[in-house]
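K.L.:
my questions are about this predicted structure, shown below with the sequence.
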Amino acid sequence: YQVCNVFEPSQNNWLLTTYIDRRAAQRIYVEIRFTVRDCASIPSVLGSCKETFNLYYLETDRTVSDGIKGVEYWANAPFLKVDTIAADESFSQVDFGGRLMKVNTEVRSFGPLSKGRGFHLAFQDLGACMSLLAVRVFYKKCPSIVQNFAFFPETLTGAESTSLVIARGSCIPNAEEVDVPIKLYCNGDGEWMVPIGSCSCKAGYEPDNETECGRSCPQGTFKSFQGPGLCQQCPPNSRSTIEAATLCGCRNGYYRGDMDKPEDLCTSVPSAPRNVVSVVNQTSVMLEWHSPRDTGHRDDLSYNLLCRRCHSNERRACQPCDDSVVFVPGKQALKETRVEISKLRAHTSYTFDIQAVNGVSNKSPYPAQQLSINITTNQAAPSAVPIMHQVSSTSRSFSLSWPPPEQPNGIILDYEIRYYDKVGETPNVVLEGLRPGTGYVVQVRARTVAGYGAYSKDMLFQTLTDGKCLGQQLSLIAGSLVGGVCIVSLVAIAIICTSLSEGHSSPGVKIYIDPFTYEDPNEAVREFAKEIDPSCVKIEEVIGSGEFGEVYKGRLKPVGKKEIPVAIKTLKVGYSERQRRDFLSEASIMGQFDQPNIIRLEGVVTKSRPTMIITEFMENGALDSFLRQNDGQFPVIQLVGMLRGIASGMRYLAEMSYVHRDLAARNILVNSNLVCKVSDFGLSRYLEEDTSDPTYTSSLGGKIPVRWTAPEAIAYRKFTSASDVWSYGIVTWEVMSYGERPYWDMSNQDVINAIEQDFRLPAPMDCPVVLHQLMLDCWQKDRNARPKFPDIVSMLDKMIRNPASLKAGTNNMVPGDLQRIGVSLAGHQKKILTSVQLMRHQADDQSPTESV
């Protein structure tokens, strides 16, 4: 097509394409090849000649009628202008005469398209001498691909050239997900980027190239784990009779223990112990034996002993031994081939079964192999006399009596008594010539033909003084006892009645004191942080590294208190005095806080090396990584509870007039009870310029976490509790998206530009309307319009009390809602609503289908 009406003024020529189906594409690209003649080479047309033309498009569901060609229609046509196209090169009369045509190629794009199934293109000429050689209309897409053993379908690019479209992947046949849901991002150029998650060949299959898991393990081999490994030969004494085996079954008579790995060989139970020998000594017996000939090819052999007491006349009538029988070193899981058994009954027959067992004995349907031995105990010495009684007493003697031993083990022949002066403890053999008024310790033991039994316990007896009767002596003792009881009672009553409570004055309102206002920063540390003796600190393992040094897990054992787990931050070797000041400033800050949702400072070590800050230990670590590890595992009400804890901690900080300035999920720690606590009160990152962390971007002489920071803080370094509220909104988005990176892969500068143009993050998948509305309130451009932290805590409490409010989805949002929160540009409104609908559509596509 060509036109050259340059000699006639007021040209308005149109060229309309046929109807073009957009095939669900949201952004269309147009490549135009054309030539334009230089107006300077045409005489007398300087006023009417043009070297440009216009490109328009009309989005519609139907074809524009061919009969409509009037000038009035084209002047009022509802076409949308794409661009004015100018030539990079034009040709002159000389070029035309030499048949040298200078062809231009220009590419333009337009979108987003959403109103119709297709569109018309229109070219408007206003007086140019030009030729339209070719027009190519196309859209961009990311082709279907297999990556990391996952298939990603063909995916159209987004509505904007900077849009990232999420494509959900599915594992190829015989592969399974490794960790998180699998996805790729399709950028505006039709290129795949940012792979998240992956698949790997499942157990029983091995990869045959980098994109397939089609090779199943043949018979006689197995693969027990998911991953890139290859099939292995079945271990000894096992076999697999099917393909794609994940475990080789043990042959008859062979087993795997509970702790055995699939690649371990199958083993058998041990044979019985051998050559048992017994040595009987009265009511004790020593047993020794040899190991089994066959240990079952295992190294976890042990022995169990069963003890039965039998009647002498009928050995079949046996019953388990009494619990009083003692086995040394034990009777279960013995590693040695020797045991000593004592406290057996005298003149009694016993049967001992010695079983050999190993790690697969519990797998065998048969009882353990055992060796039995029968023994009979001899007559034993009698047991100890249980107690003695004083019958009477004189100044030179006293009379004693006692019951017989509980286990005489035969006929008692006589008793032996020994005694000594309680003061001198000199042994003696006769009970006469005792001193008046003297206490004596007496013991007695019985004797049979088997020998003496054990002595009784020490017994204290007292002779009378001269001229004193027994009644008087007993009265004195009784009176002393009564007096002693009364004294003890009075003391006890006095102790009980003593009040241990102590009144406390009500604390006033605390205000945060900046440690950098102290002339000597060490004074702030001494005032707000407790010095801990390094001998009370035990370092166990490294759990991370910080800007100043390593972070360890350890134990703290304060004097007189229970040992507790702690986190220990250390200051690296070779630090400067400024680094030490900045390091300890965090302790000076934390030491001023006392609230359940603020990380608790246990103390500092500054008088020895290394310098340490010791805080409570949070078992689940940082909130962002914890959420990513548990993607989709918590109900919404539990996530709201975690957000409520963070808001409560920030309310406390705001009441103390402390501005955090780096509130983010990475700086929230989670303990074993899922309690969230605000941490990281260091200020150095705002003062240093040499950090390489991409999270922080230079701004007015400091480092700022752009994705979490309010616009006024980025532009003017105006940090207030209101800027912390903005950051809290980002944290809420992180929690509801299970640790997704805010603004995804946008650069920090793109984030700043988007926020200035009123772009706000869309609601995460399955996020309730009330929570996303809370985020949008926190992201109000006017900082005075943002809610305060007490208001946020109150709103979250209402959500927790009314769980039904958390069930509504984000698909209820309408343009009016966006207009109300300050998103005034129609393009931004459309972008946010489109993102919400796209995420909703993706969620519906991924909903599981129930099988009947």
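P.N.:
Looks like it arrived, so ask away. Because the structure is a prediction, the values reported are computed rather than measured.
K.L.:
per-domain residue ranges of the chain.
P.N.:
Listed domain ranges for the chain are 2-138, 141-201, 269-376, 389-422+435-463, 515-616, 621-685+704-812 (source: the TED database).
K.L.:
next structured bit after the helix or strand of the chain with the lowest mean pLDDT?
P.N.:
Least confident element among the helices and strands of the chain, by mean pLDDT, DSSP states H and E: helix 470-497 (a mean of 34). Next helix or strand after helix 470-497 toward the C-terminus (DSSP states H and E): helix 521-528.
K.L.:
so for that following helix, what's the average pLDDT?
P.N.:
Per-region confidence: helix 521-528 scores 86 on mean pLDDT.
K.L.:
in it, what's buried?
P.N.:
Judged by neighbour count (16 or more other C-beta atoms under 10 Å), helix 521-528 contains these buried residues: P521, A524, V525, F528. From N, CA and C alone the C-beta is placed, and that goes for glycine too.
K.L.:
helices or strands next to that helix in the packing?
P.N.:
helix 577-590 (3 or more C-beta pairs under 8 Å, 6 or more residues apart in numbering; DSSP states H and E).
K.L.:
show me which positions of the helix it packs on end up buried.
P.N.:
Q579, R580, R581, D582, F583, L584, S585, E586, A587, S588, I589, M590.
K.L.:
in JSON lines, list the domains of the chain along with distance to G227.
P.N.:
Formatted as JSON lines, these follow (distance: least, C-beta to C-beta, whole Å):
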{"stretch": "domain 2-138", "distance to G227": "38"}
{"stretch": "domain 141-201", "distance to G227": "5"}
{"stretch": "domain 269-376", "distance to G227": "27"}
{"stretch": "domain 389-422+435-463", "distance to G227": "66"}
{"stretch": "domain 515-616", "distance to G227": "27"}
{"stretch": "domain 621-685+704-812", "distance to G227": "19"}
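K.L.:
out of these, flag the one nearest L230.
P.N.:
Distance to L230, taken as C-beta to C-beta, is lowest for domain 141-201 among these, at 9.6 Å.
K.L.:
end-to-end on the closest one?
P.N.:
28 Å (C-alpha to C-alpha, to the nearest Å).
K.L.:
same deal with stretch 261-279?
P.N.:
43 Å.
K.L.:
so which of the buried residues of helix 577-590 comes closest to A150?
P.N.:
Looking across these and measuring by C-beta to C-beta, the closest to A150 is E586, at 43.1 Å.
K.L.:
isn't that closest one up against T615?
P.N.:
No - in this structure, E586 is not within contact of T615 by C-beta atoms under 8 Å, at 9.5 Å.
K.L.:
and the pLDDT at H311?
P.N.:
H311 is given a pLDDT of 72.
K.L.:
give me every residue that touches it.
P.N.:
A317, C318, S349 (C-beta atoms under 8 Å, 6 or more residues apart in numbering).
K.L.:
for A622, same thing?
P.N.:
A665, R666, N667, I668, L669, V670.
K.L.:
and G554, that one's in a helix?
P.N.:
No - under DSSP: H, G, I helix; E, B strand; the rest coil, G554 sits outside any helix and is assigned strand.
K.L.:
that one pairs with what?
P.N.:
I539, V566 (DSSP bridges).
K.L.:
and the pLDDT for the nearest residue to H772 once chain neighbours are set aside?
P.N.:
The shortest distance from H772 to any non-neighbouring residue, by C-beta to C-beta, 6 or more residues apart in numbering, is to A763 (3.8 Å). pLDDT, A763: 93.
K.L.:
what about A763, distance to V769?
P.N.:
8 Å (C-beta to C-beta, to the nearest Å).
K.L.:
those two: which has the busier surroundings?
P.N.:
Neighbours were counted for A763 and for V769 using other C-beta atoms under 10 Å; A763 has more, 26 against 18.
K.L.:
buried set for stretch 164-175?
P.N.:
L164, V165, I166, A167, R168, G169, C171, I172, N174, A175.
K.L.:
I meant stretch 306-313, not that one.
P.N.:
In stretch 306-313, counting by 16+ other C-beta under 10 Å, buried: C307, R308, R309, C310.
K.L.:
among the contacts of A622, which one is most surrounded by other residues?
P.N.:
I668 (28 neighbours).
K.L.:
find the nearest non-adjacent residue to that residue, please.
P.N.:
L623 (3.9 Å).
K.L.:
A722 now?
P.N.:
Per C-beta to C-beta, 6+ apart, closest to A722 is R783, 3.9 Å.
K.L.:
quick one on the thing from earlier: so which of the buried residues of stretch 306-313 belong to strands?
P.N.:
When DSSP state E defines the strands, the subset of those inside them is C307, R308, R309, C310.
K.L.:
any idea how far D745 is from M193?
P.N.:
7 Å.
K.L.:
give me the common contacts of those two.
P.N.:
In contact with both D745 and M193: L164, Y185, using C-beta under 8 Å, 6+ apart.
K.L.:
N667 and S625, how far apart?
P.N.:
12 Å.
K.L.:
A722: what secondary structure?
P.N.:
Once three-state DSSP is applied, A722 turns out helix.
K.L.:
for it, grab the count of nearby residues.
P.N.:
Neighbour tally, A722, other C-beta under 10 Å: 23.
K.L.:
next, the buried residues of stretch 648-657.
P.N.:
S648, G649, M650, R651, Y652, L653, A654, E655, M656.
K.L.:
now the first one: closest residue in space that isn't a chain neighbour?
P.N.:
The spatially closest residue to S648, leaving aside those adjacent along the chain, is N597, at 4.8 Å (C-beta to C-beta, 6+ apart).
K.L.:
let me see the backbone angles for the one you found.
P.N.:
phi -110, psi 20 (degrees, to the nearest 10).
K.L.:
now for it: which residues touch it?
P.N.:
G645, I646, S648, G649, Y652, V675, C676, K677, V678.
K.L.:
quick one: A654 from F398, how far?
P.N.:
Going from A654 to F398 by C-beta to C-beta gives 84 Å.
K.L.:
whoops, L584 was the one
P.N.:
If you go by C-beta to C-beta, the gap between L584 and F398 works out to 76 Å.
K.L.:
the spatially closest residue to K557 that is not a sequence neighbour: how many residues sit nearby?
P.N.:
What sits nearest to K557 in space, not counting adjacent residues and going by C-beta to C-beta, 6+ apart, is E563, at 4.3 Å. Number of residues near E563 (other C-beta under 10 Å) recorded here: 11.
K.L.:
again, but for the one 5 residues further on
P.N.:
Each residue near I568 was counted by other C-beta under 10 Å, and the total is 26.
K.L.:
need the nearest residue in space to it, chain neighbours excluded.
P.N.:
In space, I568 is closest to Y552, 4.4 Å off (C-beta to C-beta, 6+ apart).
K.L.:
look at L774 and give its secondary structure.
P.N.:
Once three-state DSSP is applied, L774 turns out helix.
K.L.:
hmm, I typed the wrong one, I wanted W726.
P.N.:
helix.
K.L.:
separation between V45 and N104?
P.N.:
In terms of C-beta to C-beta, V45 sits 20 Å off from N104.
K.L.:
wait, I meant D745
P.N.:
With C-beta to C-beta as the criterion, D745 and N104 are 35 Å apart.
K.L.:
of those two, who's got more company?
P.N.:
N104 (17 against 11).
K.L.:
quick one: contacts for the closest residue to that one other than its chain neighbours?
P.N.:
Counting by C-beta to C-beta, 6+ apart, A87 is the residue found nearest to N104 once chain neighbours are left out, at 4.6 Å. For A87, the contact set (C-beta under 8 Å, 6+ apart) comprises F34, T35, V36, E51, T52, N104, M130.
K.L.:
count of neighbours near the residue lying closest to the last one once chain neighbours are set aside?
P.N.:
Spelled out, that is M130. Excluding its sequence neighbours, the residue lying closest to M130 (C-beta to C-beta, 6+ apart) is V36, at 4.6 Å. Applying the criterion other C-beta under 10 Å, we find 23 residues in the vicinity of V36.
K.L.:
again, but for R741
P.N.:
That count, for R741 with other C-beta under 10 Å as the rule, works out to 13.
K.L.:
specify the local secondary structure of the residue lying closest to it once chain neighbours are set aside.
P.N.:
Take R741 and drop its neighbours on the chain: the residue closest to it by C-beta to C-beta, 6+ apart is R707, 7.7 Å away. Under three-state DSSP, R707 falls in the helix class.
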